[in-house]
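# Sequence first, predicted coordinates after that:
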Amino acid sequence: MFSWMGKDDSRRKEPEVYKDVADGLKKLYKQRLYPLEEHYRFHDFHSPALDEADFDAKPMILLVGQYSTGKTTFIKYLLESDFPGIRIGPEPTTDRFIAVMGSGQDGIIPGNALVVDPKKQFRPLSKFGNAFLNRFQCSQLNNPVLNSITIVDTPGILSGEKQRIDRGYNFSGVLEWFAERVDRIILLFDAHKLDISDEFRRAIEALKGYDDKIRIVLNKADMINHQQLMRVYGALMWSLGKVLHTPEVSRVYIGSFWDQPLHFDMNRRLFELEEQDLFQDIQSLPRNAALRKLNDLIKRARLAKVHAYIISSLKKEMPSMFGKDSKKKELINNLEDIYEKIEREHNISRGDFPDLKRMQEKLVHHDFTKFHQIKPKLLENVDHMLTNDIARLMQMIPHEESMKQETPSVQGGAFDGMNDSPFGLDEQRRWKGEGADAGRGEEDWIVGRDRYEYDEKFQKLNPVNGKVSGAVAKQEMVKSKLPNSVLGKIWKLADVDHDGQLDADEYALAQHLIKVKLDGHEIPNELPDHLIPPSKKGI
């Protein structure tokens with residue numbers, strides 16, 4: 001009579017086909033993880049339920065810093081344009097959270113309207129109330145940078161007496177909500193303002209658990225000279241060490257992210273290289289978005305499992321009739337013992353457990369008698385997702401990433417301004433017109449500029465039939481004190497005709513490449529066309 005139900009079950013055991021990684025994540029969350037979260041009230045303790053918009057959203061960048069550290073100016077620098085609602089000044093000008101998003105039409109969407117839009121990922125923010133929503137908006141504009149990413153500007157974090165004034169909403173809670181969902185968190189510091197206020201400290205603590213997303217920028221570094229910059233950098237690292245509480249040294253990008261002339265340009269090259277590294281990190285976000293969302297779902301699933309064990313353990317310890325209030329207080333006070341018991345029984349790492357103090361604060365407001373006992377089927381579904389379904393999605397990621405690598409991830413604004421000009425980098429991330437790239441596009445062979453010096457050295461080597469052997473050339477080349485591996489590479493590039501000897505042109509080329517390396521530039525893997533000696537062009 002019920003044979004059709006058995007057939008249906010067998011069909012469901014077959015692996016489901018997903019259109020892409022995002023589609024797979026949506027279905028896995030809805031079918032496997034969400035029931036566990038709902039059953040054990042995960043959303044009341046940790047994070048609101050995820051919507052489809054969370055999986056479809058473009059990569060987000062969250063900017064955090066004290067007032068006047070250049071957060072809004074940083075966005076303007078990336079976009080190379082203003083955005084609706086922009087305010088820049090030395091005082092705390094940005095007094096709200098602004099999500100800067102791409103759109104075909106410029107405009108501003110107020111917070112209350114934004115959190116009811118099912119196509120946007122901000123619906124859960126309604127829980128922070130009108131006090132926050134009145135300080136939240138979406139600035140939309142037509143900008144190519146925003147076709148790939150969304151940037152979130154935050155209010156300047158206060159210092160001194162100002163930080164004692166309540167904002168009217170849970171500022172740290174909002175930051176934590178964004179931290180869970182964004183792809184990159186950029187902490188900005190002013191070279192003249194390294195003190196970490198109490199509110200800034202609380203903000204950084206709200207970002208704990210998302211250390212892999214954090215990048216630190218020391219902004220306005222052009223306002224100090226080289227000696228002062230060394231001292232400021234050391235002071236910043238010391239301050240961060242006290243707040244982040246990690247043994248690893250944080251990566252700090254040093255620069256001046258605005259479109260004004262540099263005050264001290266002695267560090268210009270350093271700023272340019274740091275900027276390129278930061279831009280490359282930002283440009284990788286769309287390509288790695290699927291992997292980041294997958295990673296975040298795994299972290300959420302592990303936390304949800306631990307949460308289920310905690311809630312069921314508390315339920316199990318509660319009396320059925322009398323003494324419920326006293327037992328509840330006892331269980332909250334002894335929550336660490338419950339943590340240790342779960343850790344032993346289920347072999348779970350302590351790093352997967354929620355913060356003890358915060359969990360105790362949350363439990364005070366809940367009725368333990370309404371908690372549920374452990375339900376093995378829900379846990380089995382999540383375990384199956386982690387061991388089988390996630391592995392299938394992981395196999396799809398390389399294909400998706402290869403599809404996205406065919407075109408640059410983030411285009412437009414400051415990302416294109418340097419690459420399409422003589423001031424950018426070439427394909428091998430070398431500065432155009434410098435080092436081995438110098439002389440490109442010129443009529444004369446650049447090596448010929450120092451040819452007199454190179455020819456004089458060549459003649460002293462007593463060439464035979466116009467050429468010197470490798471052993472003879474080595475005696476002169478090792479005087480550069482470069483490692484043999486580098487000199488071997490230079491030799492292979494300079495020996496254009498591959499006869500194991502160097503003529504005058506090839507020897508001059510070798511000396512030129514040695515000079516390029518000694519000047520601090522990289523040696524190319526292949527000899528560029530403009531460095532090939534004119535006499536060897538046909539080879």
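Arrived safely. Residues are numbered from 1 along each chain as shown.
# need the strands for the protein, in chain order.
Using DSSP state E, the strands found in the chain span residues 60-65, 97-102, 107-110, 136-141, 150-153, 184-190, 214-219, 252-254, 467-469, 501-503.
# Which among those is found nearest to Met477?
strand 501-503 (9.8 Å; Cβ to Cβ). Quick note: C-beta positions are derived from backbone N, CA and C, even for glycine.
# Who does that closest one pair with, and is each partner parallel or antiparallel?
Strand 501-503 has the following strand partners under DSSP bridges: strand 467-469 (antiparallel).
# Pull the distance from the strand it pairs with to the chain's centre.
Relative to the mean C-alpha coordinate of its chain, strand 467-469 is positioned 52 Å out (Cα atoms, centre = their mean, to the nearest Å).
# quick one: buried residues of it?
Lys467, Val468 (16 or more other Cβ atoms under 10 Å).
# thinking again about what came up before, can you check which of the strands of the chain gets nearest to Thr369?
strand 136-141 (37.1 Å).
# tilt between that closest one and strand 97-102?
Compare the direction of strand 136-141 with that of strand 97-102 by axes from the mean of the first three to the mean of the last three Cα atoms, to 10 degrees and you get 20 degrees.
# Strand 136-141: how far from the chain's middle?
Here the centre of strand 136-141 is set off from its chain's centre by 22 Å, with Cα atoms, centre = their mean.
# In terms of secondary structure, what does that strand contact?
For strand 136-141, the packing partners by 3 or more Cβ pairs under 8 Å, 6 or more residues apart in numbering; DSSP states H and E come out as strand 97-102, strand 107-110, helix 111-114.
# Buried deepest among these, which one?
Among the helices and strands packed on strand 136-141, strand 97-102 has the highest mean neighbour count (mean count of other Cβ atoms under 10 Å), at a mean of 23.
# Other residues contacting that one?
Applying Cβ atoms under 8 Å, 6 or more residues apart in numbering, the contact partners of strand 97-102 are 58, 60, 75, 79, 83, 85, 114, 122, 132, 135-143, 145-147, 150-155, 174, 178.
# how about 7 Å then?
Strand 97-102 is contacted by residues 75, 83, 85, 135-140, 143, 146-147, 150-155, 174 when judged by Cβ atoms under 7 Å, 6 or more residues apart in numbering.
# how big is the angle separating that strand from strand 60-65?
For strand 97-102 against strand 60-65, the angle by the same axes, to 10 degrees is 140 degrees.
# can I have strand 97-102 written out in CSV, keeping just the CAs?
C-alpha atoms of strand 97-102 as CSV (Å, rounded to 0.1, in the frame of the first residue of the first chain):
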residue,chain,number,x,y,z
PHE,A,97,26.3,52.8,7.7
ILE,A,98,26.3,53.3,3.9
ALA,A,99,26.2,50.3,1.6
VAL,A,100,27.6,51.5,-1.7
MET,A,101,26.2,49.3,-4.5
GLY,A,102,26.1,49.2,-8.2
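# Skip the chain neighbours and tell me the closest residue to Gly107.
In this structure, Gly107 finds its nearest non-sequential neighbour in Gln140, 5.2 Å apart by Cβ to Cβ, 6 or more residues apart in numbering.
# Asp117 is in contact with that neighbour, correct?
No. Using Cβ atoms under 7 Å, Gln140 is not in contact with Asp117, being 11.6 Å away.
# ok, these two, which is more surrounded?
Gln140 (20 against 13; other Cβ atoms under 10 Å).
# Could you tell me which residues make contact with that one?
Contacts of Gln140 (Cβ under 7 Å, 6+ apart): Met101, Ser103, Gln105, Asp106, Gly107, Ile109.
# re the thing from before, now render the strands of the chain as a markdown table, adding distance to Ile532.
Shown next, in a markdown table, are the strands of the chain (distance: least, Cβ to Cβ, whole Å):
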| stretch | distance to Ile532 |
| --- | --- |
| strand 60-65 | 43 |
| strand 97-102 | 45 |
| strand 107-110 | 55 |
| strand 136-141 | 47 |
| strand 150-153 | 45 |
| strand 184-190 | 42 |
| strand 214-219 | 41 |
| strand 252-254 | 37 |
| strand 467-469 | 18 |
| strand 501-503 | 13 |
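# related to what we said a few turns ago, distance of the residue nearest to Gly107 relative to Gln411?
For Gln140, the distance to Gln411 (Cβ to Cβ, to the nearest Å) stands at 18 Å.
# burial count for Arg292?
Counted with other Cβ under 10 Å, the neighbours of Arg292 add up to 16.
# for Val116, that is, sorry about that
10.
# One more: Leu50?
With other Cβ under 10 Å as criterion, Leu50 counts 24.
# Setting aside sequence neighbours, what's the nearest residue to it?
Closest residue in space to Leu50, ignoring its immediate chain neighbours: Tyr29 at 5.8 Å, by Cβ to Cβ, 6+ apart.
# filter the contacts of strand 97-102 to the buried ones?
Among the contacts of strand 97-102, those buried by neighbour count (16+ other Cβ under 10 Å) are 75, 83, 85, 135-140, 143, 146, 150-155, 174.
# how distant is the longest helix seen in the chain from the center of its chain?
Criterion DSSP state H: the longest helix present in the chain is helix 285-317. Its chain's average C-alpha position is 21 Å from that of helix 285-317, according to Cα atoms, centre = their mean.
# Would you mind confirming that Asp222 is in contact with Ser256?
Yes. Asp222 is within contact range of Ser256, at 3.9 Å (criterion: Cβ under 7 Å).
# Check the contact lists of the two and give me the overlap.
Leu262, Phe271.
# how about the helices in the stretch 301-450 of the chain?
324-333, 335-346, 356-363, 376-384, 390-404, 414-417 (DSSP state H, counting those that start in this stretch).
# Same check on the stretch 101-250 of the chain?
Here the stretch 101-250 of the chain has its helices, by DSSP H, counting those that start in this stretch, at 111-114, 129-133, 171-181, 198-206, 226-244.
# Now render the ones you listed as JSON lines, adding mean pLDDT.
Shown next, in JSON lines, are these (pLDDT from 0 to 100):
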{"stretch": "helix 111-114", "mean pLDDT": "94"}
{"stretch": "helix 129-133", "mean pLDDT": "92"}
{"stretch": "helix 171-181", "mean pLDDT": "91"}
{"stretch": "helix 198-206", "mean pLDDT": "83"}
{"stretch": "helix 226-244", "mean pLDDT": "85"}
